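Enquirer: when you get a sec, could you give me coordinates for this:
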Amino acid sequence: MNEMEQAEDDFSHERLIEAIENQIADGHPREAGLVMMALTANGESHDEVLVKMAAVLARHIALSAEKDSAFDINAYAAGLLELQSSA
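Expert: Residues are numbered from 1 along each chain as shown. Okay, here's the model as predicted:
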């Protein structure tokens, strides 16, 4: 990976993390805050949980783009809850 690709990846990752933090602060979807609380109570660090949640968000954004459809907030919320059940 060249320097430009790495910079783009870093930028994208930072935006995903920012989106997750905003979701938790806004309480929408509510599952974002619930999963953060559950996983950190389970001993995972805040940053570790953010990375996992960002991966779920990225996967659902990619699915929306592939299908050329609107972002499915309910499927995303279910994906977040799967993190909690797999812990």
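Enquirer: tell me the pLDDT at Y76?
Expert: On pLDDT, Y76 comes in at 97.
Enquirer: how about it: what's its closest non-neighbour residue?
Expert: Distance criterion CB to CB, 6 or more residues apart in numbering; nearest residue to Y76, sequence neighbours excluded, is H60 at 4.4 Å. To be clear about C-beta, it is placed using only N, CA and C from the backbone, and glycine gets the same treatment.
Enquirer: can I assume that neighbour is in contact with S69?
Expert: No - H60 lies out of contact with S69 (CB atoms under 8 Å); the separation is 11.0 Å.
Enquirer: list the contacts for the residue nearest to Y76?
Expert: F71, D72, A75, Y76, G79 (CB atoms under 8 Å, 6 or more residues apart in numbering).
Enquirer: any chance of those residues in CSV, with secondary structure, distance to E44 and neighbour count too?
Expert: Shown next, in CSV, are the contacts of H60 (DSSP: H, G, I helix; E, B strand; the rest coil; distance: CB to CB, whole Å; neighbours: other CB atoms under 10 Å):
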residue, secondary structure, distance to E44, neighbour count
F71, coil, 26, 12
D72, coil, 26, 14
A75, helix, 23, 13
Y76, helix, 20, 22
G79, helix, 17, 19
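Enquirer: buried residues, the helix or strand hosting the residue nearest to Y76. List them.
Expert: Using DSSP states H and E, H60 sits within helix 46-67. For helix 46-67, the neighbour count (16 or more other CB atoms under 10 Å) marks V49, L50, K52, M53, A54, V56, L57, H60 as buried.
Enquirer: what is the longest helix of the chain by residue count?
Expert: helix 3-26 (DSSP state H).
Enquirer: which other helices and strands does that helix contact?
Expert: helix 30-41, helix 46-67 (3 or more CB pairs under 8 Å, 6 or more residues apart in numbering; DSSP states H and E).
Enquirer: S12 is nearest to which of those?
Expert: helix 46-67 (7.9 Å; CB to CB).
Enquirer: then the closest one to PDB, C-alphas only?
Expert: The C-alpha trace of helix 46-67 is given here as PDB (Å, rounded to 0.1, in the frame of the first residue of the first chain):
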ATOM      1  CA  HIS A  46     -13.400   1.800  24.600                       C
ATOM      2  CA  ASP A  47     -11.000   2.100  21.600                       C
ATOM      3  CA  GLU A  48     -11.300  -1.700  20.900                       C
ATOM      4  CA  VAL A  49     -15.000  -1.500  20.900                       C
ATOM      5  CA  LEU A  50     -15.000   1.600  18.600                       C
ATOM      6  CA  VAL A  51     -12.900  -0.400  16.100                       C
ATOM      7  CA  LYS A  52     -15.200  -3.300  16.100                       C
ATOM      8  CA  MET A  53     -18.300  -1.100  15.700                       C
ATOM      9  CA  ALA A  54     -16.600   0.800  12.900                       C
ATOM     10  CA  ALA A  55     -16.000  -2.400  11.100                       C
ATOM     11  CA  VAL A  56     -19.800  -3.200  11.400                       C
ATOM     12  CA  LEU A  57     -20.600   0.300  10.100                       C
ATOM     13  CA  ALA A  58     -18.200  -0.100   7.200                       C
ATOM     14  CA  ARG A  59     -19.700  -3.400   6.200                       C
ATOM     15  CA  HIS A  60     -23.200  -2.000   6.200                       C
ATOM     16  CA  ILE A  61     -22.200   1.000   4.200                       C
ATOM     17  CA  ALA A  62     -20.500  -1.300   1.600                       C
ATOM     18  CA  LEU A  63     -23.700  -3.400   1.400                       C
ATOM     19  CA  SER A  64     -25.700  -0.300   0.700                       C
ATOM     20  CA  ALA A  65     -23.300   0.700  -2.000                       C
ATOM     21  CA  GLU A  66     -23.200  -2.700  -3.600                       C
ATOM     22  CA  LYS A  67     -27.000  -3.000  -3.600                       C
END
